[in-house]
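> only the shape, not the letters, is given here:
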């Protein structure tokens with residue numbers, strides 16, 4: 001160690017070259033590692049070490065220049081060279097597990113680098129790829145199989161018929177056959193009878209029919225389709241009979257076309273005769289569907305389909321379950337009855353179908369049941385609707401349709417509960433944004449039903465801001481539809497009914513009773529509202545609850561509105577970004593909307609003095625031209641005046657609006673007018689309300705008599721509406737001190753609808769039996785128990801809340817005799833209703849005759 005040491009760099013270079021030469025002689029196999037190959041040259045060794053140990057930096061102190069430090073560094077270098085393969089132990093020995101893993105780790109980055117190379121695509125290739133990935137498949141909204149081009153099919157059949165007649169009458173004079181369709185197929189059938197008769201005459205009785213190709217199969221089908229299209233079922237059957245006599249196999253399409261003709265007409269006799277003659281005991285799914293369809297078509301609307309349900313269950317007993325679209329059609333028929341028992345039967349049939357025939361419903365049946373959750377007879381069931389929606393889209397993986405989205409939105413919105421209404425708006429957003437193509441176009445655009453469902457949810461929670469926004473969106477969609485940009489979505493009377501109801505339920509934030517005078521002596525004018533009325537004056541006449549406005553609040557507005565029965569055109573637009581802040585502003589907006597409706601639909605009904613005030617709306621497109629003037633629309637518009645206007649204006653509108661627009665009043669018109677009179681405030685308004693109520697009651701009595709006699713009557717009359725009318729009239733008579741007249745009205749009600757009629761329950765159909773059985777011609781699984789099914793056939797009755805005000809007034813005057821009579825009336829109806837419920841629960845199933853199917857939901861005649 002006393003001699004001169006070689007420089008460190010020279011020593012390292014010498015050892016590196018020596019190891020490179022030895023390695024080149026020793027390593028001749030293909031398993032050379034990248035580290036050994038890199039030692040051929042010093043600069044390659046440096047590059048390789050930088051590549052492998054790029055993330056590792058050795059600690060070197062600049063001041064550490066001692067002899068022992070340099071010796072330690074040289075020893076580390078020699079150990080590294082030794083581990084690199086300067087003196088390998090054995091090149092022929094098998095690789096250890098550690099060496100194999102090291103080799104795999106060295107080869108992995110090269111493979112990953114090759115795989116991570118991103119392929120290059122052009123913009124057109126990327127666009128086509130995204131178009132294919134995000135393409136939305138058109139989804140049909142019906143279960144029925146439709147012909148792609150029915151007109152082309154008809155033309156092809158007519159051409160085939162003409163060719164057929166020419167070929168059949170080739171030896172005769174084909175020009176003698178008239179050119180009309182009926183004469184053409186009649187002549188063809190006549191000629192075919194002659195040919196088949198000639199063949200039968202030469203055939204021996206004990207031999208099978210001769211298989212002679214008289215016509216092609218497609219020609220026979222065309223002839224059957226032409227006969228069915230011309231509403232000639234006998235001719236279609238004659239063609240099928242000729243095919244059987246000629247020994248030609250009858251195509252199922254020809255049989256189904258003829259059977260569909262009878263089923264569409266509701267001809268049960270011919271349907272079942274045709275099934276027995278040409279099909280036998282094993283009809284196909286399509287034929288079983290047509291058999292049930294014939295029974296459904298044969299009944300009148302609002303009739304319980306007892307016979308169709310029995311046919312359906314008989315097929316189940318034979319092990320020939322009908323197709324799923326048959327159950328869907330029957331369920332649609334039950335739901336269209338609008339009866340509690342029919343809707344309960346629909347839910348039970350849905351559960352029964354999943355148990356015995358089709359465990360997994362399709363999107364159409366799911367849509368029907370989700371829509372049934374928004375029932376107007378039973379209580380809305382938003383939770384069940386969301387459960388069915390989740391089961392369809394998540395559990396079963398069935399793609400939703402536009403009708404399915406609309407159904408679940410309506411079910412959530414109609415509940416009236418804010419969480420479910422918010423869920424309805426979330427689903428509407430998902431409907432628009434969750435299914436878009438490569439260009440961002442939504443697959444489902446909201447239609448009129450979807451907008452109406454959202455409006456109903458917004459009005460039920462009192463969100464007027466959303467109602468105005470939705471109306472603006474519909475108007476915008478209608479303008480775009482007029483230009484042909486989108487599918488047509490128009491404002492109709494149903495949309496405007498929801499809008500007017502939202503305005504009627506809206507509570508303005510400004511209350512004149514809460515107005516405070518700041519400085520009465522310093523200010524020359526007191527604090528006034530937006531209508532210019534003093535707050536101190538208005539606080540005397542305002543109602544305690546701040547609901548309907550006072551008489552003085554709208555006096556300035558009523559000066560011109562009470563003069564005209566039809567709304568005047570507003571002098572300026574009433575719609576601002578802020579919501580209406582007072583009752584007058586609510587009335588201003590509703591008048592503007594109703595005036596626009598009249599301008600687009602019935603301009604002749606507008607007042608003459610409004611012509612000069614239409615300058616600001618003359619250039620606007622007719623967005624309300626599809627609105628029909630119905631009693632529902634006028635009732636909704638008048639309800640805004642009932643809630644926010646003075647009573648004089650509401651009376652004037654009721655008396656003149658229906659007659660001027662030539663619209664007949666319905667039951668809601670009379671009942672809402674009576675109920676508004678029963679809410680009149682003390683003072684002159686209550687006297688005016690009594691006079692108006694007597695006038696409305698005179699109009700209501702003929703309508704009630706027509707309902708009792710089952711005569712044609714206005715829309716909406718039922719037992720509950722009769723109760724509401726009597727309750728409102730009894731209340732207004734009691735509030736005005738006419739207790740004797742109110743008691744006499746109660747006696748009249750009891751004579752018309754005695755309590756004994758209430759206690760008699762309707763017979764229970766055999767299909768509604770709850771006995772547990774494993775096999776029966778009725779649903780075996782039920783979703784609704786008898787306790788959960790309300791009885792909507794109860795005749796009109798009176799309970800204590802309806803006569804409570806009268807009872808208080810009788811107590812005040814000390815009329816004990818009438819008090820005892822009222823007590824008897826209330827207890828009699830309560831006891832009769834209790835016995836009716838008990839009889840309904842204990843009722844035994846009664847088998848009904850098919851011909852004695854009664855209308856569901858209509859109370860018994862009294």
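Structure received. Only a predicted model underlies this, so the values are computations on that prediction, with no experimental measurement involved. Numbers count the residues shown, from 1 in each chain.

> tell me which residues of the longest helix that the chain contains come out buried.
In the chain, with assignment by DSSP state H, the single longest helix is helix 816-842. Across helix 816-842, burial judged by 16 or more other Cβ atoms under 10 Å covers 818-819, 821-822, 825-826, 828-830, 832-833, 836, 840. Yep, even glycine has a C-beta here, placed from its N, CA and C like the rest.

> before we move on, what about stretch 171-181?
177, 181.

> measure it end to end?
End-to-end distance of stretch 171-181 (Cα to Cα, to the nearest Å): 21 Å.

> could you pull up the residues touching residue 590?
Contact analysis of residue 590 by Cβ atoms under 8 Å, 6 or more residues apart in numbering lists 500, 503, 637, 640.

> among these, who's most crowded?
Highest neighbour count within the contacts of residue 590, by other Cβ atoms under 10 Å: residue 640, with 27 neighbours.

> so it sits against residue 585, correct?
No: distance between residue 640 and residue 585: 11.9 Å, which falls outside the contact criterion (Cβ atoms under 8 Å).

> on that earlier part again, identify the farthest-apart pair in the contacts of residue 590.
Maximum pairwise distance in the contacts of residue 590, criterion Cβ to Cβ, is 9.1 Å, between 503 and 637.

> tell me what the longest helix of the chain is packed against?
Counting contacts by 3 or more Cβ pairs under 8 Å, 6 or more residues apart in numbering; DSSP states H and E, helix 816-842 packs against helix 739-752, helix 755-758, helix 800-813.

> out of those helices, nearest to residue 668?
Of all the helices and strands packed on helix 816-842, it is helix 800-813 that lies closest to residue 668, at 18.7 Å by Cβ to Cβ.

> find the nearest non-adjacent residue to residue 743, please.
Nearest residue to residue 743, sequence neighbours excluded (Cβ to Cβ, 6 or more residues apart in numbering): residue 818, at 4.9 Å.

> so how far is residue 810 from that neighbour?
Using Cβ to Cβ, to the nearest Å, residue 818 is found at 5 Å from residue 810.

> and stretch 220-233, how far out from the chain middle?
38 Å (Cα atoms, centre = their mean, to the nearest Å).

> which residues touch it?
Residues from elsewhere that reach stretch 220-233 (Cβ under 8 Å, 6+ apart): 153-154, 156-158, 160-161, 164, 181-182, 184-185, 188-189, 215, 235-236, 239-240, 243, 248, 251, 253-254, 257-258, 260-262, 267, 270.

> quick one: low-confidence parts of the stretch 751-862 of the chain?
Applying pLDDT under 70 to the stretch 751-862 of the chain flags the ranges 772-774, 847-862.

> typo on my end, the stretch 201-350 of the chain
Within the stretch 201-350 of the chain, the stretches with pLDDT under 70 are 204, 207-212.

> can you show me the strands along it?
In order along the chain, the stretch 201-350 of the chain carries no strands (DSSP state E, counting those that start in this stretch).

> now the helices for it?
Under the criterion DSSP state H, counting those that start in this stretch, the stretch 201-350 of the chain contains helices at 217-229, 233-245, 252-264, 268-278, 285-298, 306-317, 324-335, 340-356.

> next structured bit after the last one?
Toward the C-terminal end, the helix or strand that comes next after helix 340-356 (DSSP states H and E) is helix 363-372.

> between the helices and strands packed on helix 816-842, which one is nearest to residue 293?
Nearest of the helices and strands packed on helix 816-842 to residue 293, taken as Cβ to Cβ: helix 755-758 at 38.0 Å.

> list the buried residues in the closest one.
Across helix 755-758, burial judged by 16+ other Cβ under 10 Å covers 755, 757-758.

> which among those gets closest to residue 403?
Each of those was scored against residue 403 by Cβ to Cβ, and residue 758 proved nearest at 40.5 Å.

> show me what contacts the nearest residue to the closest one once chain neighbours are set aside?
Among residues not flanking residue 758 along the chain, residue 832 sits closest, at 4.0 Å (Cβ to Cβ, 6+ apart). Neighbouring residues of residue 832 by Cβ under 8 Å, 6+ apart: 755-756, 758-759, 797.

> can you do 10 Å?
By Cβ atoms under 10 Å, 6 or more residues apart in numbering, the contact set of residue 832 is 754-760, 794-795, 797.

> looking at the buried residues of helix 755-758, which one is closest to residue 168?
residue 757 (69.2 Å).

> quick one: closest of the helices and strands packed on helix 816-842 to residue 381.
Of the helices and strands packed on helix 816-842, the one closest to residue 381 (Cβ to Cβ) turns out to be helix 800-813, at 27.0 Å.

> work out the gap between the closest one and the centre of the chain.
Relative to its chain's centre, helix 800-813 lies at 45 Å (Cα atoms, centre = their mean).

> could you list the buried residues of that helix?
802-807, 809-810.

> who are the packing partners of it?
For helix 800-813, the elements it packs on are helix 719-735, helix 739-752, helix 816-842, judged by 3 or more Cβ pairs under 10 Å, 6 or more residues apart in numbering; DSSP states H and E.

> pLDDT (mean, whole number) over the helix or strand encompassing residue 654?
Element membership for residue 654, per DSSP H and E: helix 647-660. Taken as a whole, helix 647-660 has an average pLDDT of 93.

> ok so, going back, so after the longest helix of the chain, what's the next helix or strand?
strand 845-846.

> quickly run through the sheet partners of that following strand, with directions.
Sheet pairing here is set by DSSP bridges, and for strand 845-846 it gives strand 764-765 (parallel).

> and the partner strand, how far out from the chain middle?
Centre-to-centre, strand 764-765 and its host chain are 31 Å apart (Cα atoms, centre = their mean).

> stretch 367-385 now?
Centroid separation for stretch 367-385 versus its chain: 10 Å, with Cα atoms, centre = their mean.

> now do stretch 721-733
Distance of stretch 721-733 from its chain centroid, counting by Cα atoms, centre = their mean, is 36 Å.

> same thing with stretch 668-675?
Using Cα atoms, centre = their mean, the offset of stretch 668-675 from its chain centre is 30 Å.

> what do you get for stretch 660-680?
Relative to its parent chain, stretch 660-680 has a centroid offset of 31 Å by Cα atoms, centre = their mean.

> quick one: buried residues of it?
For stretch 660-680, by 16+ other Cβ under 10 Å, it's 661, 663, 665-680.

> looking at the contacts of residue 590, which are in strands?
Within those, no residue falls in strands by DSSP state E.

> for residue 697, state which of the residues you listed is nearest.
Minimum distance to residue 697 across those is 22.6 Å, recorded for residue 637 (Cβ to Cβ).

> the closest one reaches residue 591, doesn't it?
Yes: here residue 637 reaches residue 591: they are 9.1 Å apart, a contact under Cβ atoms under 10 Å.

> and residue 464, how many neighbours?
Residues near residue 464, counting by other Cβ under 10 Å: 20.

> tell me the contacts of it?
By Cβ under 10 Å, 6+ apart, the residues touching residue 464 are 458, 499, 502-503, 505-508, 579-580, 586, 589.

> spatially nearest residue to it, not counting backbone neighbours?
residue 506 (4.6 Å).

> surely that neighbour meets residue 644?
Yes: taking Cβ under 10 Å as the definition, residue 506 is a contact partner of residue 644 at 8.2 Å.

> and these two? Which one has more around it.
Shown here are residue 506 and residue 644; by other Cβ under 10 Å, residue 644 has more neighbours (27 against 22).

> on that earlier part again, overlap of the contact sets of residue 506 and residue 644?
580, 583, 586.

> okay if I get these as a markdown table plus neighbour count?
Below are the shared contacts of residue 506 and residue 644 laid out as a markdown table (neighbours: other Cβ atoms under 10 Å):
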| residue | neighbour count |
| --- | --- |
| 580 | 24 |
| 583 | 27 |
| 586 | 25 |
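
> of these, which belong to strands?
Within the shared contacts of residue 506 and residue 644, no residue falls in strands by DSSP E.

> from those, which is closest to residue 333?
Nearest to residue 333 among those, counting by Cβ to Cβ, is residue 586 at 42.6 Å.
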